[in-house]
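Student: Give the three-dimensional model of this entry:
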Amino acid sequence: MTNQNPELRGLLGPLETDVMEVVWRLEDSTVRDVHAELASDRDIAYTTVMTTMTRLASKGLLERDTSGLAHRYRPAVSREEYARSTVTSVVDWLVHAFPTPAMRYFVDVMDDGSEPEAMEVLRQRIDESRQQEQ
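Tutor: Model (predicted):
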C-alpha cells in the first residue's frame with residue numbers, strides 16, 4: 001500500500017496515507033475493516049489504527065458516525081479534493097514565503113517545452129499584470 005501513492009506521502013504521514021487510501025477505496029468502513037486491510041501487509045495494532053482514524057476525523061478528513069455499536073468512518077473529502085486543497089495551501093505558502101525561488105521554479109518547470117500553451121498563458125498573465133501596474 002505504501003508505494004501506491006507517493007504523491008500523498010509528503011502531505012500525510014505514512015500510516016495516515018495508508019488509512020486514507022483504504023477508507024477512500026471502501027467509502028464506508030470501521031476501524032476493524034481498515035485494520036484488517038493494513039494488517040494483511042504489516043504488523044500493526046488495532047489501537048494504532050483506531051488512534052490514527054480518530055486523528056484523521058479531528059483533522060476533518062474523515063466523518064465519524066457514532067450511532068451504531070461500531071463507529072463508522074467515511075471520507076469527508078475525496079482524494080482529489082484533498083490533493084487539490086493541500087497543493088493550493090503549499091503553493092500559496094511557498095509563493096508568499098519564497099516568492100522569487102518559487103516563481104523561478106514554476107517557470108523552469110513550465111518552460112521545459114512539454115506545455116507550450118501553459119507557458120503562453122503564464123506570459124500573457126505576466127504582461128497583463130505589468131500593464132495594470134502602469
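
Student: any idea how far the residue nearest to the spatial centre of the chain is from A39?
Tutor: The chain has A83 as the residue nearest its centroid, 3.4 Å off, counting by C-alpha atoms, centre = their mean. Distance of A83 to A39, given as C-beta to C-beta, to the nearest Å: 27 Å. Where C-beta positions appear, they are placed from N, C-alpha and C, glycine not excepted.

Student: Equivalent analysis for G13, please.
Tutor: 18 Å.

Student: Tell me how many other residues surround V49.
Tutor: For V49, the neighbour count with other C-beta atoms under 10 Å is 23.

Student: My read is that it contacts V31, right?
Tutor: Yes. Using C-beta atoms under 8 Å, V49 is in contact with V31, at 5.5 Å.

Student: In this protein, mark out all the helices, start to finish.
Tutor: Taking DSSP state H as the criterion, the chain carries its helices at 6-9, 14-26, 31-39, 46-58, 79-97, 99-110, 116-133.

Student: To A70, which of the ones you listed lies closest?
Tutor: Nearest to A70 among these is helix 31-39 (6.8 Å), distances taken as C-beta to C-beta.
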